[in-house]
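> quick one, fold the following:
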Amino acid sequence: MPMYSTSSDGYVNTTISSQGVRHRSVFMGSTFTVFTNRYKPSFNTFQKTDSEAARRARYRYSCFDHFGEDVQRYGYAAQFGLSPSCENEVVEQLVELTQKAAEFAQRDGRMAADEFFSAEQNALVVKNAEEYYRIMFRGHVASWNLRDRHMTETLEALFNHLRHRDGNAKLVVWAHNSHLGDARSTEMGCRGEWNIGQLTRERYGQESVLVGFTTYTGTVTAASDWDSPVERKRVRPALPDSYEALFHSLGISDFLLTITDGSSPVIDIPEPLLERAIGVVYLPETERVSHYFQAKLASQFDSIVHCDVTRPSSRWSSIQNGNQENGKHSPGADQDQRGGPV
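I've put the predicted structure just below:
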């Protein structure tokens, strides 16, 4: 039976096979939309070995203190010269932490390595988040690319860390289609945007598999605007000339469609067609403009999972509810079927 526990970095799922082999899976976040709670790992790591280094970390990160949780206010003030930026402070902290790598390598083995990796990644989160909120007012493309570059670098760092520690690793990334499908095969690429799917394919080639999710109608958990209350929303039937409408016309409720063999298409799919992307925000009243884009599915994904009628998942909802009762934080729970693994 799976056993779930929470840590500062994610959910841990441990299973034991019938042969008694222990398998450990860890669920982690890789973005930085909220980063003000990522300071503590640096404090705690340094406090154990170097109290002066811990003091310097606290001093550097205090640069954000008078903005509280309103990181967008910090970005606006720094971008338009209303307040000094914290760029130098977060870079200095990351550099100092990285320079301590050899010291941590000489400590007590696996626990020290894991602790240092967590502290270093959290320092990187703060560094990249500071830049993200500072440049987000310049335009969508720059901030989008920085965010997906950060998530891809986190993916690579985690893969290398686990492979070095355990000798082998396999990662599954769960995100929206717009992050995981190869951006070069969509309007995103035409605008100069990249994403995790594209960067992963460029780095790992056929070792990566991009899987997308599509739906014709149903319900999703989404908001009407950023930082707005979560709502249960009904998804409009897909527009004609879209991949969702094409799959609906097959008359099969749910199916897995293998598109490529890893290098070339194995089936013919009309292209380009419209494709729908429902993210954190869903606006049915402006759906064509807000949520559809042109795409070439055969080169965007390796496989597609189509659920003709979708609904929000219940497993993460139950975990979230249990953690709320226990006073614990839960990661992006109650997500609907809108993304797939890399």
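
> check the burial of the residue lying closest to Gly279 once chain neighbours are set aside by counting its neighbours.
Nearest residue to Gly279, sequence neighbours excluded (Cβ to Cβ, 6 or more residues apart in numbering): His176, at 5.1 Å. C-betas here are computed from N, CA, C, even on glycine. Close neighbours of His176, defined as other Cβ atoms under 10 Å, add up to 19.

> all strands for the protein, in order.
Assigned by DSSP state E, the chain shows strands spanning 3-7, 10-16, 22-28, 211-222, 231-235, 254-258, 273-276, 292-295, 303-310.

> could you tell me the least trusted of these?
Least confident of the strands of the chain, judged by mean pLDDT, is strand 3-7 with a mean of 25.

> burial of the residue nearest to Ala238 when sequence neighbours are not counted, as a residue count?
Spatial nearest neighbour of Ala238, excluding adjacent residues (Cβ to Cβ, 6+ apart): Glu244 at 3.4 Å. Per other Cβ under 10 Å, the neighbour tally for Glu244 reads 22.

> dump the residue contacts of Glu244.
Contacts of Glu244 were listed using Cβ atoms under 8 Å, 6 or more residues apart in numbering, and they are Thr214, Thr215, Tyr216, Ala238, Glu275, Arg276, His306.

> how about Thr215?
Val235, Ala238, Glu244, His306, Cys307, Asp308, Val309, Thr310, Gln337, Arg338.

> correct me if wrong: Gln72 contacts Arg134.
No - at 10.4 Å, Gln72 does not count as touching Arg134 under the criterion of Cβ atoms under 8 Å.

> those two: which is more packed in?
Per other Cβ under 10 Å, whichever of Gln72 and Arg134 has more neighbours is Arg134, with 21 against 14.

> distance-wise, check the more buried one relative to Arg201.
Using Cβ to Cβ, to the nearest Å, one gets 29 Å for the distance from Arg134 to Arg201.

> and what of Ala54?
Taken as Cβ to Cβ, the span from Ala54 to Arg201 is 41 Å.

> buried ones in stretch 135-154?
Buried residues in stretch 135-154, counted by 16 or more other Cβ atoms under 10 Å: 135-136, 142-148, 150-152, 154.

> pull the number of nearby residues for Glu275.
Glu275 is flanked by 25 other residues according to other Cβ under 10 Å.

> OK, contacts around it?
Residues counted as contacts of Glu275 (Cβ under 8 Å, 6+ apart) are Asn177, Thr186, Thr214, Ser242, Tyr243, Glu244, Tyr292, Phe293, Gln294, Ala295, Leu297, Gln300.

> redo these as TSV? Include distance to Phe117.
Below are those laid out as TSV (distance: Cβ to Cβ, whole Å):
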residue	distance to Phe117
Asn177	29
Thr186	33
Thr214	36
Ser242	42
Tyr243	39
Glu244	40
Tyr292	40
Phe293	36
Gln294	40
Ala295	36
Leu297	37
Gln300	32
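
> neighbour-wise, which of these leads?
In the contacts of Glu275, the most neighbours by other Cβ under 10 Å go to Ala295, 29 neighbours.

> quick one: that one from Leu283, how far?
Per Cβ to Cβ, Ala295 is found 20 Å from Leu283.

> repeat that for Thr217.
Thr217 is 16 Å from Leu283, where distance means Cβ to Cβ.

> one more: Asp302?
30 Å.

> in stretch 216-223, what's buried?
Residues of stretch 216-223 classed as buried by neighbour count (16+ other Cβ under 10 Å): Tyr216, Gly218, Thr219, Val220, Thr221, Ala222, Ala223.

> looking at those residues, which is nearest Phe117?
When those are ranked by distance to Phe117 (Cβ to Cβ), Thr221 comes first, at 32.0 Å.

> how about that closest one, nearest residue that isn't a chain neighbour?
What sits nearest to Thr221 in space, not counting adjacent residues and going by Cβ to Cβ, 6+ apart, is Pro312, at 4.4 Å.

> can you check Arg73 too?
In this structure, Arg73 finds its nearest non-sequential neighbour in Phe67, 5.4 Å apart by Cβ to Cβ, 6+ apart.

> give me the neighbour count for the one you found.
Residues lying near Phe67 (other Cβ under 10 Å) number 19.

> next: Arg236.
By other Cβ under 10 Å, neighbour count at Arg236 equals 15.

> against His291, how distant is the closest residue to it other than its chain neighbours?
Distance criterion Cβ to Cβ, 6+ apart; nearest residue to Arg236, sequence neighbours excluded, is Pro284 at 5.2 Å. Per Cβ to Cβ, Pro284 is found 9 Å from His291.
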